[in-house]
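In: here is the input, now give the coordinates:
(one chain, ligands or ions: 1)
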Amino acid sequence: MGNGSILFNPIHNCTIFEIKNKMLNVPFLTLSSSCYSHNDLALRLRIHYNNQLSKINLTHLTRVATDISRLRAGHVQTQMFAVYVLCGAQHMDAVRLTLEQIDVIRRICTEYPDFELVTSTQELRDSMTKGKIACLISIEGGHSIDSSLPALRMFYQLGVRSMSLTHSCNTPWYSKEHAVVDEMNRLGMIVDLSHTSFETASAVLNHSKAPVIFSHSSSYMICNNPRNVPDWLLQELVRKPAWLIMVNFYSPFISCQKKATVSHLADHFDYIKGFIGAKSIGIGGDFDGGTSFPVGLEDVSKYPVIVQELLKRNWTEEDLADVLRNNFLRVFEEVEKVRIPLYTVYTIISHNRINLFCSQKFNSPPSLCLTLISKLKSKACVSFCPMLECICMSLPITTVLAGYE
Ligand SMILES: [Zn+2]
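Out: Purely as a prediction, here's the structure:
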């Protein structure tokens, strides 16, 4: 996957270097396989249109930086759409609002034939061959789960494949983020560290069993905004081969001023590449999250402009193939690989089965079985034992209980 062939466009039959030549005269780029990690269109749909999709046409939409025609013009093949609800909803209606934002993304991604909702790397690859724009759903801010791992699991079932641990508010579980990260690893949900404090990001970098991303953050060395990533964290990141920083385009994070140029943005790419290499970089974007983007890069149709700038700066075809697609796919695939073994070692054992086992094996009275169940909570069973069942390591029940014989 590292030879750049993924940038080959089967429709227009040209490679990126042929495009480079064409770009001398034509500012048009055919990158039909590019993945972009962060887009806040759903937030804008709520703010401007109250999520009333019947009243708008997403092919051409004003007041936003993202619509289908501009995604097509920008040759966006995969877009991760963010679900963001205000921190003010924490402890109130955050879960409901999160569900409503997931709903609006699912509707646009299933009702418009240009889009396809995807939940795995296989589906993502398949959507490319169909000429669709693949939609991934991410949650921005751990307050959305309202301290509930069951809510997290249900969001996964609805198609969410990434979540940033925080936004601009602490969560009640901030000191227990390892439990949430463990569950995200187990589910196969990408852990996103954009918006977390540097200390939390470092702790999670060293804890997570699966690759993590900064979905929309740039270099703190170039612009010392706390939303960017300092060199010492980048150094921790690069020790993990598959992990990723996906560069944010928002002007104040790029130039540390209200306005920025494409050159400012390219400086972040150049710096991070020089520091940790192109294999750790992706494209963050953040369109429709902020309001000020570099001149000439104001909406999603302009993505090729940054590619053109990096080509001018002698980035290779392989570098760009990695940054535009391969790196993100690799992270997602690694996250899926971690999920599978973790997912299969869990099983649900009903209390009835435990009771039956107790009575047959030990001829135990029910009270002893209850004691065993409570011991299972703290030992062999990795999760809670609610009313009727324990979630335990997927071992034969005799093995699970062996320690208690
Ligand atoms: Zn953000």
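In: over to the residue lying closest to Lys55 once chain neighbours are set aside: give its phi and psi.
Out: Using Cβ to Cβ, 6 or more residues apart in numbering and skipping residues adjacent in sequence, the residue nearest Lys55 is Tyr49, 6.2 Å away. Where C-beta positions appear, they are placed from N, C-alpha and C, glycine not excepted. Taking degrees, to the nearest 10, you get phi -130, psi 10 for the backbone angles of Tyr49.
In: what of the one 4 residues further on?
Out: Dihedral angles phi and psi of Leu53 (degrees, to the nearest 10) take the values phi -60, psi -30.
In: ok, and the closest non-adjacent residue to it?
Out: In this structure, Leu53 finds its nearest non-sequential neighbour in Arg107, 5.7 Å apart by Cβ to Cβ, 6+ apart.
In: can I assume that neighbour sits in a helix?
Out: Yes - counting by DSSP: H, G, I helix; E, B strand; the rest coil, one finds Arg107 located in a helix.
In: that one: how many residues sit nearby?
Out: 16 (other Cβ atoms under 10 Å).
In: quick check, pLDDT for it.
Out: We note a pLDDT of 97 for Arg107 in this prediction.
In: same check on Leu342?
Out: Looking at Leu342, its pLDDT reads 53.
In: can you offset everything so residue one is 830?
Out: Sure, I'll start counting at 830 from here, so that last one is Leu1171.
In: where does pLDDT dip in the chain?
Out: Scanning the chain with the threshold set as pLDDT under 70 gives 830-861, 1002, 1169-1234.
In: center of it - which residue?
Out: The residue lying closest to the centre of the chain (Cα atoms, centre = their mean) is Ser991, at 3.4 Å.
In: so who does that residue touch?
Out: Ser991 makes contact with 909, 965-968, 1018-1021, 1042, 1044 under the criterion Cβ atoms under 8 Å, 6 or more residues apart in numbering.
In: 7 Å instead, please
Out: By Cβ atoms under 7 Å, 6 or more residues apart in numbering, Ser991 lies in contact with 909, 967, 1018-1019, 1021, 1044.
In: and what of Ala980?
Out: Ala980 neighbours (Cβ under 7 Å, 6+ apart): 924, 974.
In: apply 8 Å and report the result again.
Out: Contacts for Ala980 were tallied using Cβ under 8 Å, 6+ apart; they are 924, 973-974.
In: just the ones in helices from these, please.
Out: Val924 (DSSP state H).
In: looking at the contacts of Ala980, spot the one nearest Phe1082.
Out: Ser973 (22.5 Å; Cβ to Cβ).
In: now do the SS call for the closest residue to that closest one other than its chain neighbours.
Out: Closest residue to Ser973 apart from its sequence neighbours, by Cβ to Cβ, 6+ apart: Thr927 at 4.1 Å. Classification of Thr927 using three-state DSSP returns helix.
In: was I right about Thr927 contacting Leu987?
Out: No - counting by Cβ atoms under 8 Å, Thr927 does not reach Leu987; the two are 9.5 Å apart.
In: who's more crowded, those two?
Out: Using other Cβ under 10 Å as the criterion, Thr927 and Leu987 rank with Thr927 on top: 25 against 15.
In: list the contacts for the more buried one?
Out: Counted by Cβ under 8 Å, 6+ apart, Thr927 has contacts 912, 914, 968, 973-974, 984.
In: among those, which are in strands?
Out: Mapping the contacts of Thr927 onto strands (DSSP state E) picks out 912, 968.
In: hmm, which of the contacts of Thr927 are the buried ones?
Out: 912, 914, 968, 973-974, 984 (16 or more other Cβ atoms under 10 Å).
In: in these, find the pair that's most separated.
Out: Spanning the widest gap among those are Val914 and Phe984, at 12.1 Å by Cβ to Cβ.
In: ranges for the strands of this structure?
Out: 863-868, 905-912, 944-946, 962-969, 989-993, 1019-1021, 1041-1043, 1073-1077, 1110-1116, 1175-1179, 1218-1222.
In: closest to Gln1064 out of the ones you listed?
Out: For Gln1064, the closest of these is strand 1073-1077, at 11.8 Å, according to Cβ to Cβ.
In: quick one: that closest one to strand 863-868, angle?
Out: 70 degrees (axes from the mean of the first three to the mean of the last three Cα atoms, to 10 degrees).
In: tell me the strands beside strand 1073-1077, with direction?
Out: Here strand 1073-1077 is paired, per DSSP bridges, with strand 1041-1043 (parallel), strand 1110-1116 (parallel).
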